[in-house]
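structure of the sequence below:
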Amino acid sequence: MGEKDPDRKAKKLQLGKLRAHVLVCTGGKCASKPDQKRAVARLRKRLKARGLTGREGGVMCTGVDCLQVCAGGPIAVVWPDGVWYRDATPENLDRILE
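Below you'll find the predicted structure:
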């Protein structure tokens, strides 16, 4: 299943050395489940294509259960910046990433 050694997994993910972590709602009622999951998949793909994942100073994307903004979704928030996005569709996330 998953990595058994949490320290090893954290090191592999560069936790503590990331520039940003994007959290995208995948469990709330802000948008349809397929739209939420597409947003996460697309953002992860685009971040990887740009070489922004798995490295120091990189960016991580995680689908989370609910960000409690249950309208205008998918909802995304960039941590630690505290910048929130509504309508975080794959197309809009591409523009945000630019």
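
pLDDT weak spots in this structure?
For the chain, the stretches flagged by pLDDT under 70 are 1-3.

what ranges do the strands span in it?
For the chain, the strands defined by DSSP state E cover 20-25, 59-64, 76-79, 83-85.

just name the most buried of these.
With neighbours taken as mean count of other Cβ atoms under 10 Å, the strands of the chain reach their highest mean count in strand 20-25, at a mean of 21. No exception for glycine: its C-beta is placed from N, CA and C like everyone else's.

quick one: residues in contact with that one.
Identification of contacts with strand 20-25 by Cβ atoms under 8 Å, 6 or more residues apart in numbering yields 31, 36, 39-40, 43, 59-67, 69, 73-81, 88.

for that strand, list the C-alpha coordinates in CSV.
Presented in CSV, the C-alpha positions along strand 20-25 are these (Å, rounded to 0.1, in the frame of the first residue of the first chain):
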residue,chain,number,x,y,z
ALA,A,20,4.0,26.0,-2.0
HIS,A,21,1.3,23.4,-1.4
VAL,A,22,-1.9,23.6,-3.4
LEU,A,23,-4.9,22.1,-1.7
VAL,A,24,-7.9,21.4,-4.0
CYS,A,25,-11.3,20.4,-2.7
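
parallel or antiparallel, which strands does it pair with?
Here strand 20-25 has these sheet partners by DSSP bridges: strand 59-64 (parallel), strand 76-79 (antiparallel).

residue 52: how many residues sit nearby?
Residues near residue 52, counting by other Cβ atoms under 10 Å, number 18.

check contacts around it.
Residues in contact with residue 52, defined by Cβ under 8 Å, 6+ apart, are 58-59.

follow-up on the earlier one: next, format the strands of the chain as JSON lines and append distance to residue 9.
Formatted as JSON lines, the strands of the chain follow (distance: least, Cβ to Cβ, whole Å):
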{"stretch": "strand 20-25", "distance to residue 9": "15"}
{"stretch": "strand 59-64", "distance to residue 9": "12"}
{"stretch": "strand 76-79", "distance to residue 9": "19"}
{"stretch": "strand 83-85", "distance to residue 9": "27"}
